[in-house]
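Asks: Fold the following, please.
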Amino acid sequence: RRSGADRSVMAGTLFARDLRSRPLVHDFLERFNGGELDDQHLLDWFDEYQALLLSPVMALFFNHGIVMEPHLQNAVLIHDNGRPQQLL
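Replies: Model prediction:
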């Protein structure tokens, strides 16, 4: 079993919902936080995620005029115990 920043997950699976319509990202994050998850933790996590996603996309657009269309089904999140580290 891998640990640390060697872990990866398809981003699309995190934003899917379970049978109760609860986003799967909740279960993902609860695994790494001892089952405790509050709104601020979700906001902090999403802020880290969106920074990894949007920084290179915006840089390509504003610096080179290249328009990217990143889709969740094409994105792999590399994480360190649930914390976003890199987006492929």
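
Asks: name the element the spatially most central residue of the chain belongs to?
Replies: By Cα atoms, centre = their mean, the chain has its centre lying nearest to Tyr49, at 4.6 Å. Element membership of Tyr49, judged by DSSP states H and E, is helix 39-64.

Asks: returning to what we had before: if I look at the residue nearest to the centre of the chain, how far off is Leu77?
Replies: Separation of Tyr49 from Leu77 (Cβ to Cβ, to the nearest Å): 7 Å. C-betas here are computed from N, CA, C, even on glycine.

Asks: shared neighbours, these two?
Replies: Residues touching both Tyr49 and Leu77 (Cβ atoms under 8 Å, 6 or more residues apart in numbering): Pro84, Leu87.

Asks: on that earlier part again, check which helices and strands the helix holding Tyr49 is in contact with.
Replies: On a contact count with 3 or more Cβ pairs under 8 Å, 6 or more residues apart in numbering; DSSP states H and E, helix 39-64 meets helix 24-32, strand 83-87.

Asks: Please produce CSV containing these, extended by mean neighbour count and distance to Gly65.
Replies: Converted to CSV, the helices and strands packed on helix 39-64 look like this (neighbours: other Cβ atoms under 10 Å; distance: least, Cβ to Cβ, whole Å):
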stretch, mean neighbour count, distance to Gly65
helix 24-32, 16, 33
strand 83-87, 16, 22
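
Asks: coming back round to it: quick check: buried residues in the helix holding Tyr49?
Replies: Within helix 39-64, the residues scored as buried using 16 or more other Cβ atoms under 10 Å are Trp45, Tyr49, Leu52, Leu53.

Asks: Any chance you could list what contacts the next helix or strand after that helix?
Replies: Moving toward the C-terminus from helix 39-64, the next helix or strand (DSSP H and E) is strand 76-80. By Cβ under 8 Å, 6+ apart, the residues outside strand 76-80 that reach it are 4-11, 14, 49, 52, 84-88.

Asks: let's see 10 Å
Replies: 3-14, 28, 32, 45, 48-49, 52-53, 84-88 (Cβ atoms under 10 Å, 6 or more residues apart in numbering).

Asks: Give the burial count for Leu77, as a bare number.
Replies: By the measure other Cβ atoms under 10 Å, the count of residues near Leu77 is 23.
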